[in-house]
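J.: show me how the following folds:
(one chain, ligands or ions: 1)
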Amino acid sequence: MNIIRAVKTYLRSKFGGSDKSRWSSDDSLNPNWDERTIMLGRYIRPGDRVIEFGAGKMALRNVLPEGCTYLATDIVSREPGMLAVDLNQLPLPDLGKHDIAVFSGVFEYLTDVSAVLSVVGPMVNRIAASYMVFENKPDVVRRRANGCVNDYTEAGFIELFGPLGFSLTDKAQWKQQVLFYFEKKGS
Ligand SMILES: C[S@@+](CC[C@H](N)C(=O)[O-])C[C@H]1O[C@@H](n2cnc3c(N)ncnc32)[C@H](O)[C@@H]1O
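T.: Below you'll find the predicted structure:
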């Protein structure tokens, strides 16, 4: 029942944060999402130091250009080398400096996107991210039933990055979701 799932998401986001039990099961990861991650991978340059948040099955690893380093993080560590990082539990551990951060299907599950950006922004010069913008899915009950805890419009989502020095320099579409590419000046 959508409404029950929606209420559970709402309560969890108000009191507990993350849905660790959902994401602990590999069945929660849909192979169709790889296509989105591969599209975001187009923003990675040879030799980049890449950090991915909510890396899932790490589809990004297979499409990295020559010479990249890759640090995969997710709320649960799914395989050796993947770091467990819950973006709803700030502060984060020291994750070092990187050129680009990738978030494929992750911001929807974060209770305080601005706070996460204020931690991740200083780590990187570029961010590639997908987001299900509100105008493409305006049914809040369905959003909550799918686990989504926030409702940014496209303009509202872009605005979050400005205070951290990021400008939107490219945009694409994957199904109903928008793929955003932000860069700091001169990067
Ligand atoms: C929709 S899946 C996308 C997975 C992968 N990026 C992809 O595109 O196939 C959402 C991902 O975000 C992760 N996630 C959910 N809540 C999170 C949180 N609070 N902190 C970090 N990762 C989280 C999940 O474990 C899952 O891997």
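J.: where exactly do the helices run in this protein?
T.: Taking DSSP state H as the criterion, the chain carries its helices at 2-11, 20-24, 34-40, 113-120, 140-145, 154-161.
J.: with distance to Pro65 added, can I get those helices in a markdown table?
T.: No exception for glycine: its C-beta is placed from N, CA and C like everyone else's. A markdown table is the format used below for the helices of the chain (distance: least, Cβ to Cβ, whole Å):
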| stretch | distance to Pro65 |
| --- | --- |
| helix 2-11 | 37 |
| helix 20-24 | 28 |
| helix 34-40 | 12 |
| helix 113-120 | 22 |
| helix 140-145 | 34 |
| helix 154-161 | 24 |
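J.: out of these, which gets nearest to the ligand?
T.: helix 20-24 (3.3 Å; Cβ to the nearest ligand atom).
J.: any idea which of the helices of the chain is most buried?
T.: helix 34-40 (a mean of 19; mean count of other Cβ atoms under 10 Å).
J.: tell me which residues are up against that one.
T.: 56-57, 59-60, 63, 102, 104-105, 128-130, 172, 174-175, 177, 179 (Cβ atoms under 8 Å, 6 or more residues apart in numbering).
J.: so which bits of this structure are right by the ligand?
T.: Residues of the chain that fall close to the ligand, judged by Cβ under 6 Å from any ligand atom: 18, 23, 29, 33, 36-37, 53-56, 59, 74-75, 85-88, 104-106, 109.
J.: are any of those buried, and which?
T.: 18, 23, 29, 33, 36-37, 53-56, 59, 74-75, 85-88, 104-106, 109 (16 or more other Cβ atoms under 10 Å).
J.: now do the contacts for the closest residue to Glu154 other than its chain neighbours.
T.: Excluding its sequence neighbours, the residue lying closest to Glu154 (Cβ to Cβ, 6 or more residues apart in numbering) is Val133, at 4.3 Å. Under the criterion of Cβ under 8 Å, 6+ apart, the contact list for Val133 reads 152-154, 157, 177-178.
J.: and Val133, its phi and psi?
T.: Phi and psi for Val133, reported as degrees, to the nearest 10, are phi -70, psi 150.
J.: ok, back up a step: can you pick out the most distant pair from the contacts of helix 34-40?
T.: Greatest spatial distance among the contacts of helix 34-40 (Cβ to Cβ): Lys57 and Ala172, at 21.5 Å.
J.: of the contacts of helix 34-40, which belong to strands?
T.: Among the contacts of helix 34-40, the members found in strands (DSSP state E) are 102, 128-130, 172, 174, 177, 179.
J.: please, a PyMOL command that selects the buried ones among those?
T.: Buried residues within the ones in strands among the contacts of helix 34-40, by 16+ other Cβ under 10 Å, are selected in PyMOL with:
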select buried, resi 102+128+129+130+172+174+177+179
